[in-house]
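Q: Predicted model and sequence follow; I will ask about them next.
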Amino acid sequence: MTRSTSARSAVVAVITALTAAALAVPAQAEGRHRVSGDSLPSVTPRAETPVLHDDDEGGNADADDPAIWRNAAAPDRSLVVATAKEGGLRVYDLDARLVQSIAAPPAVGEDDAPGRFNNVDLLHGLRLSSGKADLAVTSDRGHDRLRFYRIDRDRTGGPLTDVTDPASPPVFSQDQAEINDQRTAYGLATWTDPATGKSYALVSRRERTGIALLELLPTADGKVTYRKIRTLDLPSTFRLPDGTSWSPCGEPGELPQVEGMVVDPVNGMLYAGQEDIGIWRLRADLTGTPKLIDKVREYGVPGAYDEETEECTPGADPGYGGTKISADVEGLTLLTESDGDGYILASSQGDDTFAAYDRELEDANEYEGGFRVTAASGALDGSEECDGAAVLNAPLGSKYPNGLLVVQDGHDAPGDGNRDATNFKFVDLDKVMDALDD
């Protein structure tokens, strides 16, 4: 990875402190028994989107990451924008009905592989040459770029319009060969600095530990591009309390990647889920020293990779992991309350639960509880192996007057033969708040 001068200085400044930060077990985890997902309260969804199938029959759509856009003028007409990987973007109304489908641009390569969108987030009130606009921003993994879509709820043909500058550069790759290797733009979080009014995207890299800070820049013709400010690499190897070094098991050449990310705009902190490690807190400008606020239960467990099965066989657990979340940790989202408090919500994919951490730094992001999304009466099932989540604590008309949580379901039921079935579940936010208050 090539870094700018400012990026090198940022990495040099923190690299010696990262390993030490990773060793510290969060105070809230010490001296407590492991939290069993079975003991957590359950919430049920109110609606679900049509099923998406990842198959070899021309579908190749796999639900991944949602974002909630509130229509301030008519909250009942708000939208959920979501990625479907090779299926591109899907836009749903509050009844979970499909409003618009946008294909991912085909990737450029020897096999003319399909494009692939990974994560999505929103920006509000970005000033374009044509006026202020709300944008949906997605990581285009097939091209190692970001793509931008202007949101206009009443536009004929659908609410999203592509406003990506065609000259936008790759985020990480130096050439097409690197892009073809698919170590490209992956996780995504957007952020507007209230002090300067500048807007940014933080982007992680697939199969690597790097995160890039990009400043988002409107162009003269109403498009949007970006420039890289700096990058930072999280650790891939960790020293355990017994003095040994540990890295999570994975395919040869893969490093523990980050996907789920969210920025708290009040204090400018980025929360990043390193899938097999835990949740990091670091400054959104990628300066300073990251702190590991919680670890997955599997932290420190040795493993052996089997090339035949392409799976890892775990060894004995030395007991250095956390107590609340299981790998992979993904789907980070910020639940803001009216009094300024709130939670960082994280999907604990390994045990099908969601964990809530206090967003107040004074409380050291203390664990506040968790919940499951389970089957409702009738045909609605719950959420398993959740990849992505989004929450909005704001009135959304008569359907969700107390706000909305949207979660990906990695195993929609009932299944359909050998095809993977995924979709998104819509949950009343008041149910979540009640569960966290228990």
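A: Good, I have the coordinates. Owing to the predicted nature of the structure, the values given are computational and were not obtained by experimental measurement.
Q: so residue 410 touches residue 388, yeah?
A: No. Residue 410 lies out of contact with residue 388 (Cβ atoms under 8 Å); the separation is 9.9 Å. C-beta: built from backbone N, CA, C; applies to glycine.
Q: Of the two, give the one with the bigger neighbour count.
A: residue 388 (27 against 21; other Cβ atoms under 10 Å).
Q: Now do the more buried one, the pLDDT please.
A: Per-residue confidence (pLDDT) for residue 388: 97.
Q: before we move on, what about the one 3 residues further on?
A: We have a pLDDT of 98 for residue 391.
Q: how close does it get to residue 434?
A: Note on residue 391: its distance to residue 434, by Cβ to Cβ, to the nearest Å, is 14 Å.
Q: between those two, who's got more neighbours?
A: residue 391 (23 against 13).
Q: who touches that one in this structure?
A: Listed by Cβ atoms under 8 Å, 6 or more residues apart in numbering, the contact partners of residue 391 are 68, 333-335, 345, 403-406, 429, 432.
Q: any chance of those in JSON lines, with pLDDT too?
A: Below are those laid out as JSON lines (pLDDT from 0 to 100):
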{"residue": "68", "pLDDT": "98"}
{"residue": "333", "pLDDT": "98"}
{"residue": "334", "pLDDT": "98"}
{"residue": "335", "pLDDT": "97"}
{"residue": "345", "pLDDT": "98"}
{"residue": "403", "pLDDT": "98"}
{"residue": "404", "pLDDT": "98"}
{"residue": "405", "pLDDT": "98"}
{"residue": "406", "pLDDT": "98"}
{"residue": "429", "pLDDT": "98"}
{"residue": "432", "pLDDT": "97"}
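Q: which of those residues lies closest to residue 289?
A: Closest approach to residue 289 among these (Cβ to Cβ): residue 334, at 21.8 Å.
Q: how many neighbours does the closest one have?
A: Residue 334 has 20 neighbours, counted by other Cβ under 10 Å.
Q: Double-check residue 173 against residue 184; I have them as touching.
A: Yes. Under the criterion of Cβ under 8 Å, residue 173 makes contact with residue 184 at 6.3 Å.
Q: Need the residues touching each of the two.
A: Common neighbours of residue 173 and residue 184 (Cβ under 8 Å, 6+ apart) are residue 144.
Q: Between those two, which is the more surrounded one?
A: Each of residue 173 and residue 184 has its neighbours counted (other Cβ under 10 Å); residue 184 has more, 27 against 22.
Q: show me what contacts the residue lying closest to that one once chain neighbours are set aside?
A: Leaving aside its sequence neighbours, residue 184 sits nearest to residue 144 (Cβ to Cβ, 6 or more residues apart in numbering; 3.7 Å). Contacts here follow Cβ under 8 Å, 6+ apart; on that basis residue 144 touches 170-173, 178-179, 184-185.
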